[in-house]
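Visitor: Pasting the sequence and the predicted coordinates here, then a few questions.
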Amino acid sequence: MTEVEQAGIWTCQVHTPDGDVIGYRDGTHFVWKGIPYAAATDGEHRFRSPRPVEPWAGARDCRSFGDVAPQGKDNPVPIDPAIPMSEDCLSVNVWAPEPDGRPRPVMVWIHGGAYSLGSSAQSVYDGRRLAELGDLVLVTVNYRVGAFGFLDLSSFSTAETVFETNIGLRDQIAALEWVQRCVESFGGDPSNVTVFGESSGGASVTTLMTSPKAEGLFHRAIVQSAPATSVYGPERAAAVAARFLELVDITPDRIGELKTVDFMRLVEAGDTLCYEVPTRVPGTLGLAPVVDGDIVPRYPVAAFQKGYSHRIPLIIGTNHDEASIFRLMKSPLMPVTSDTVTEMFRAIANDHSDLPAFRIAEIMSAYPDRSKSAGALAMSRDAGFRMPTMWIADAHSRYAPVWMYRFDHATPMLKAARIGAGHATELPYVFGNFGTLNRDPTFWLGGRKAATAVSLRVMKRWVAFAQHGVPATLDGAKHWAPYVEPTRSTLVIDAQDSLVEDPDAALRAAWGDQVLGFT
């Protein structure tokens with residue numbers, strides 16, 4: 001590293017194996033934005049594994065975020081419209097302290113967005129506060145989303161046109177390989193890497209934890225609100241791919257045309273699938289990872305139960321009111337009415353011919369108010385998030401340390417809006433970045449002081465885990481006991497944290513240990 005001052009701005013030039021990059025002072029740390037970890041993915045390289053980036057001569061100025069991965073512009077994710085969108089989108093951002101020769105822990109963030117939306121440039125993911133608090137190196141990752149990252153066209157491959165599976169996951173693996181090659185240049189310790197993610201980013205982490213291709217690339221994991229069972233078999237993926245070809249009006253004999261079609265036409269078809277598929281089959285996602293025998297050799301939750309996960313320390317948890325935000329947005333991504341929830345369970349039962357009818361009845365009986373909105377939301381939350389999280393925690397705790405949390409904190413405004421601790425509401429607490437939404441209503445009725453205190457505790461626990469492999473702080477915070485059977489200690493994060501043994505015992509008993517998801 002070389003640190004200099006230019007026109008009142010402190011810069012830091014780092015030499016990486018790919019070329020030199022210039023970062024800029026950001027608080028006590030420096031930040032490098034838009035560092036490419038792989039080459040552009042357009043033309044012949046669409047729907048293919050990422051390729052190594054071409055090394056560059058001279059120093060690359062890294063003051064701006066890299067291009068956003070192709071996705072619909074009319075979506076609920078707040079992305080700066082000034083940032084270009086293109087297929088040259090595989091980049092990382094790095095926050096690191098001033099160089100002093102001491103290797104720092106590394107945290108790598110994988111953003112969520114239903115595998116179809118999002119970017120590392122979202123302001124809620126700004127890594128300065130978390131990196132400063134932990135005196136660590138923080139990396140945030142762009143990867144292909146939507147049809148470009150999670151559409152499985154492999155069933156339409158020909159000798160001339162080959163399509164690969166799980167492209168978005170391959171991108172994430174390439175980014176983790178970049179960390180192993182390059183993070184030492186920024187003062188990071190490549191032998192101490194914690195991967196963390198939320199929603200589909202969290203489910204990407206659980207999937208990577210069962211992927212042989214990702215073994216050894218990270219050493220700890222934090223999984224926030226992961227729809228971990230939203231990984232499907234090749235037959236379902238092939239049906240989605242066939243529908244995609246209908247939407248872009250390309251027949252299988254003209255499959256090679258997908259390499260030259262304008263990318264926005266593919267984006268539009270992917271957006272249609274994103275909402276059409278869960279409308280037809282509530283509880284499913286249109287675009288998601290697929291069991292391919294390669295990147296994803298098995299259904300991830302079942303792999304955890306069979307002991308096939310990488311045996312690394314894990315923090316995992318969900319939010320108390322995951323489904324509420326989907327009701328507010330009127331989004332089909334999760335079923336939120338009694339009718340759609342019932343339809344979801346009927347479809348799951350059809351996917352499990354060996355499932356006795358009384359088992360569904362037993363699960364239903366755990367929700368006496370299932371005909372009402374609150375009951376439907378609870379069932380959707382548990383099917384999509386809570387139960388997959390508990391199945392993973394139970395299984396993984398037999399082989400490696402696990403800490404379970406439930407995020408319950410909500411500001412007065414979020415409670416009044418009946419959002420509560422909804423899906424993704426923990427994100428500002430993890431990064432310490434509030435007020436990142438346009439006209440953010442979070443504190444309209446107060447609550448900032450309490451939220452700031454909760455955020456500091458969460459950040460300290462995440463940082464302690466990255467530093468030492470144990471989420472214990474030295475500031476008098478509530479002791480967080482590991483999650484083990486049969487106590488199943490769970491940290492309930494609220495204005496005052498509490499440690500509760502097996503808080504969802506009745507729920508777990510009703511659902512049982514058999515993984516119930518779509519195949």
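Guide: Sure thing, it's come through.
Visitor: in the chain, which spans are strands?
Guide: In the chain, the segments counted as strands under DSSP state E are 2-6, 9-16, 19-26, 29-36, 59-61, 91-97, 104-110, 137-141, 188-198, 220-224, 314-319, 402-407, 489-493, 498-501.
Visitor: Alpha carbons only: can I get the last one in PDB?
Guide: What follows is strand 498-501 as a C-alpha-only set of coordinates in PDB (Å, rounded to 0.1, in the frame of the first residue of the first chain):
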ATOM      1  CA  SER A 498     -32.700 -12.100  26.100                       C
ATOM      2  CA  LEU A 499     -31.600 -15.700  25.900                       C
ATOM      3  CA  VAL A 500     -34.500 -18.100  25.500                       C
ATOM      4  CA  GLU A 501     -34.300 -21.800  25.400                       C
END
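Visitor: re earlier: out of the strands of the chain, indicate the one that is most buried.
Guide: strand 137-141 (a mean of 28; mean count of other C-beta atoms under 10 Å). Where you see a C-beta, it was placed from the backbone N, CA and C, and this is true even at glycine.
Visitor: what helices or strands is that one leaning on?
Guide: If contacts are counted by 3 or more C-beta pairs under 8 Å, 6 or more residues apart in numbering; DSSP states H and E, strand 137-141 sits against strand 91-97, strand 104-110, helix 128-134, helix 167-182.
Visitor: Give the partner strands of it in its sheet and their orientations.
Guide: strand 91-97 (antiparallel), strand 104-110 (parallel) (DSSP bridges).
Visitor: Measure how it sits relative to helix 167-182, angle-wise.
Guide: 150 degrees (axes from the mean of the first three to the mean of the last three C-alpha atoms, to 10 degrees).
Visitor: residues in contact with strand 137-141?
Guide: With contacts defined as C-beta atoms under 8 Å, 6 or more residues apart in numbering, strand 137-141 is touched by 37, 92-97, 104-111, 120, 125, 127, 130-131, 171-172, 175, 179, 183, 186-188.
Visitor: what mean pLDDT does it have?
Guide: On average, the pLDDT along strand 137-141 is 98.
Visitor: Over to stretch 234-243?
Guide: 97.
Visitor: What are the contacting residues of it?
Guide: 151-156, 273, 276-277, 284, 286-287, 290-292, 518-519.
Visitor: check contacts around His45.
Guide: Here His45 is in contact with Ala39, Arg51 (C-beta under 8 Å, 6+ apart).
Visitor: Distance of the residue nearest to Gly188 when sequence neighbours are not counted relative to Val94?
Guide: Spatially, and ignoring its direct neighbours in sequence, Gly188 is nearest to Val137 (3.7 Å; C-beta to C-beta, 6 or more residues apart in numbering). Taking C-beta to C-beta, to the nearest Å as the measure, Val137 falls 7 Å from Val94.
Visitor: shared neighbours of those two, anything?
Guide: Going by C-beta under 8 Å, 6+ apart, residues that sit against Val137 and also against Val94 are Val183, Phe186.
Visitor: For stretch 210-228, buried residues please.
Guide: Using 16 or more other C-beta atoms under 10 Å as the test for burial, stretch 210-228 gives 210-211, 213-214, 217-228.
Visitor: Which elements pack onto the longest helix along the chain?
Guide: Criterion DSSP state H: the longest helix present in the chain is helix 448-468. With contacts defined as 3+ C-beta pairs under 8 Å, 6+ apart, helix 448-468 has these neighbours: strand 104-110, helix 128-134, strand 188-198, strand 220-224, strand 314-319, helix 427-431, strand 489-493.
Visitor: And the second one, what's buried?
Guide: Buried residues in helix 128-134, defined by neighbour count with 16+ other C-beta under 10 Å: Arg128, Arg129, Leu130, Ala131, Glu132, Gly134.
Visitor: In the protein, which residue is most central in space?
Guide: Gly201 (0.9 Å; C-alpha atoms, centre = their mean).
Visitor: returning to what we had before: nearest to Met387, of the helices and strands packed on helix 448-468?
Guide: strand 314-319 (9.6 Å; C-beta to C-beta).
Visitor: Between strand 220-224 and that closest one, find me the angle.
Guide: Going by the same axes, to 10 degrees, strand 314-319 makes 10 degrees with strand 220-224.
Visitor: Parallel or antiparallel, which strands does strand 314-319 pair with?
Guide: With DSSP bridges as the test, strand 314-319 pairs up with strand 220-224 (parallel), strand 402-407 (parallel).
Visitor: thinking again about what came up before, quick one: the residue nearest to the centre of the chain and Gly118, what's the gap?
Guide: 8 Å.
Visitor: Need the overlap of contacts for these two.
Guide: With C-beta under 8 Å, 6+ apart as the test, Gly201 and Gly118 both reach His111, Gly112.
Visitor: Which residues are in contact with Thr207?
Guide: Contacts of Thr207 by C-beta under 8 Å, 6+ apart are Leu169, Ala228, Val231, Pro289, Val296, Pro300.
Visitor: per-residue pLDDT, the residue nearest to the third one when sequence neighbours are not counted?
Guide: Which is Val231. Excluding the flanking residues, the one nearest Val231 by C-beta to C-beta, 6+ apart is Pro289, at 4.6 Å. At Pro289, the model reports a pLDDT of 98.
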